[in-house]
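Colleague: Build me a structure from this.
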Amino acid sequence: MSSTTLKKLLPGEKLIPYGCTPGWVSLSRTEHGVYILRMKAEANPENRWIPAFNAAMMKAFDGVEKHLEEEAGDTPAALLSISESEKFFSNGIDPTGAYSKKLTLPRMSKIEMAEQAGLGMPAFARPLQLPIPTVAAINGHAFGAGMMYTSCHDYRFQREDRGYQCAVEVEIGVGIPEPEMAMFGHIMSKP
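Modeller: As a prediction, the model looks like this:
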């Protein structure tokens with residue numbers, strides 16, 4: 001399925017406006033009860049976990065919870081996370097701050113990057129907190145924070161012909177914090 005196909009709503013699918021952030025994330029629900037969280041990749045082509053993206057993801061999950069409480073009733077429900085980028089599911093955080101420059105955001109200091117991680121961690125874990133099944137449809141690369149986000153879903157499906165998942169922190173010599181290890185433990189057995 002190409003990204004152009006994903007940009008159109010499915011028959012019977014309706015947007016949930018209070019869960020959408022234009023250009024960043026959209027939230028919709030199909031007539032069969034599947035919430036679709038689309039990482040739009042318009043403002044953020046690699047779906048990097050930067051402050052604006054974190055805020056958009058938190059808003060989408062708040063939207064799912066609100067809709068479940070106020071509008072869904074007793075109908076079955078599930079969440080599907082997808083990316084409209086053809087290459088990236090999510091390329092993780094921006095460890096250098098260089099990506100921020102492309103988005104005309106200020107470069108982040110080391111302290112700001114640490115704060116960013118503190119804000120990102122709760123966003124990665126939101127699928128674990130939902131009372132419904134969650135699925136990540138991984139169409140491309142899921143690196144670092146992108147892999148953390150996929151690991152917090154109940155189910156993960158990945159294309160066989162492209163895309164990788166990896167915890168780049170290991171490769172670049174950055175220690176993996178306890179909360180991240182707990183998230184990875186959600187899907188991986190201990191050695």
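Colleague: This structure: strands as residue ranges?
Modeller: 14-15, 25-29, 34-39, 78-83, 88-90, 134-138, 141-143, 155-158, 165-166 (DSSP state E).
Colleague: rank those strands by mean pLDDT and give me the bottom one.
Modeller: Comparing mean pLDDT across the strands of the chain, the weakest is strand 165-166, with a mean of 80.
Colleague: for the strands of the chain, which one sits closest to P127?
Modeller: strand 134-138 (4.1 Å; CB to CB). C-beta coordinates here come from the backbone N, C-alpha and C atoms, glycine included.
Colleague: Adjacent strands (with direction) for that closest one?
Modeller: Here strand 134-138 has these sheet partners by DSSP bridges: strand 78-83 (parallel), strand 155-158 (parallel).
Colleague: Tell me which of those strands is the most buried.
Modeller: strand 78-83 (a mean of 22; mean count of other CB atoms under 10 Å).
Colleague: gap between that one and the chain center?
Modeller: 9 Å (CA atoms, centre = their mean, to the nearest Å).
Colleague: same deal with stretch 26-39?
Modeller: That offset, for stretch 26-39, works out to 14 Å (CA atoms, centre = their mean).
Colleague: Name the residues of that stretch that come out as buried.
Modeller: Across stretch 26-39, burial judged by 16 or more other CB atoms under 10 Å covers 26-30, 34-39.
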